[in-house]
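1. sequence and predicted structure are below.
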Amino acid sequence: MEVQLNTNEKNGFFYIEVNGKTEAKMTFVFAGEDKIIIDHTEVNDGNNGKGFGKMMVAKAVEFAREKNLKILPLCPFVKSVIEKTPEFQDTL
């Protein structure tokens, strides 16, 4: 299982597919040249406790570092994960 990314010049989303079906998704919009705003995370029923949300946050942090971006976590889940993970906080 791998977190994938779909993006264009305005926004994008990270997602996880299982057997060809999207089971988790985290959406964001670009804010200027140096920020992304993560606004929503959802995981389909039956996937709770599998770590899909945290996997997508980790991928977003990796993406932000690669692109030299900061993350504005409007999504409460993402905000909580980043606040509880000291090694992610450099992206805030």
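-> Looks like it arrived, so ask away.
2. for Lys59, see how far away the residue in the chain sticking out farthest from the centre is.
-> Within the chain, Asn19 marks the point farthest from the mean C-alpha position, 20.8 Å out by CA atoms, centre = their mean. Distance of Asn19 to Lys59, computed by CB to CB, to the nearest Å: 20 Å. The way it works is simple: take the backbone N, C-alpha and C, and place the C-beta from them, glycine included.
3. just to revisit the earlier point, contacts only, for the residue farthest from the centre of the chain.
-> Not one residue lies near Asn19 by CB atoms under 8 Å, 6 or more residues apart in numbering.
4. now the helices for the chain?
-> Secondary structure of the chain (DSSP state H): helices located at 52-67, 76-84.
5. packing partners for the first one?
-> Secondary-structure packing of helix 52-67 (3 or more CB pairs under 8 Å, 6 or more residues apart in numbering; DSSP states H and E): strand 3-7, strand 11-18, strand 21-31, strand 35-43, strand 70-73, helix 76-84.
6. deepest in the core, which of those is it.
-> Counting by mean count of other CB atoms under 10 Å, strand 70-73 has the highest mean neighbour count of the helices and strands packed on helix 52-67, with a mean of 20.
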